[in-house]
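Participant: Everything below, folded, please.
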Amino acid sequence: MEKTLIILKPDAIQRTLVGEIIKRLERKGLKLIGIKMSRLDDTVLRAHYAHIVDKPFYKDIESFMQSAPVVIMAWEGYECVDSVRLLVGSTNPRIADAGTIRGDLASGNGRNLIHASDSKENGQTEVNRFFEPKDLFSYDRNDTPDVYSPEERK
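Facilitator: Purely as a prediction, here's the structure:
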């Protein structure tokens with residue numbers, strides 16, 4: 001099964017939206033396999049945002065991501081990266097579709113509640129960046145046969 005990383009950003013914590021966001025992911029049929037609360041240091045943030053660390057807006061992102069704790073989660077499911085990206089919505093909440101997490105719950109472009117891995121490869125890399133193997137759990141959800149066809153469960 002595919003894995004993806006979700007980070008609930010400081011605005012999700014401050015606005016008490018953690019439960020609402022987790023509920024949406026669970027209702028999609030995805031399986032939570034790791035969760036922790038953390039404060040992100042400069043080294044982890046630079047590694048995680050290496051693709052934008054040279055951009056003029058990076059310092060604001062770094063400051064924002066360190067303004068409060070974050071909730072870091074690993075999720076698993078069939079084609080879960082794409083499923084999560086659809087649930088999360090556009091990076092800019094003002095153009096995110098209604099029904100998505102950002103479309104329904106966020107307003108500001110720099111304060112968009114949630115990070116989600118953008119590819120299967122990045123999902124695995126990001127999960128490995130934030131979780132040790134011992135912190136990820138393998139188990140069967142009782143509703144798996146109702147969520148996935150036999151071919152998707154392999």
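
Participant: Tell me the secondary structure of residue 35, please.
Facilitator: Under DSSP: H, G, I helix; E, B strand; the rest coil, residue 35 falls in the strand class.

Participant: ok, and what's touching the lowest-mean-pLDDT helix or strand in the chain?
Facilitator: When each helix and strand of the chain is scored by mean pLDDT, DSSP states H and E, helix 144-147 comes last, with a mean of 87. With Cβ atoms under 8 Å, 6 or more residues apart in numbering as the test, helix 144-147 has contacts from 29, 141, 153. Placement of C-beta: from N, CA and C, glycine included.

Participant: same check, this time on stretch 127-134
Facilitator: 3-5, 34, 36, 38, 44, 47-48, 72, 74, 117, 136.

Participant: end to end, how far does that stretch reach?
Facilitator: Using Cα to Cα, to the nearest Å, the end-to-end distance of stretch 127-134 comes to 12 Å.

Participant: What mean pLDDT does it get?
Facilitator: Averaging pLDDT along stretch 127-134 yields 97.

Participant: for stretch 47-65, same thing?
Facilitator: Stretch 47-65 comes out at a mean pLDDT of 94.
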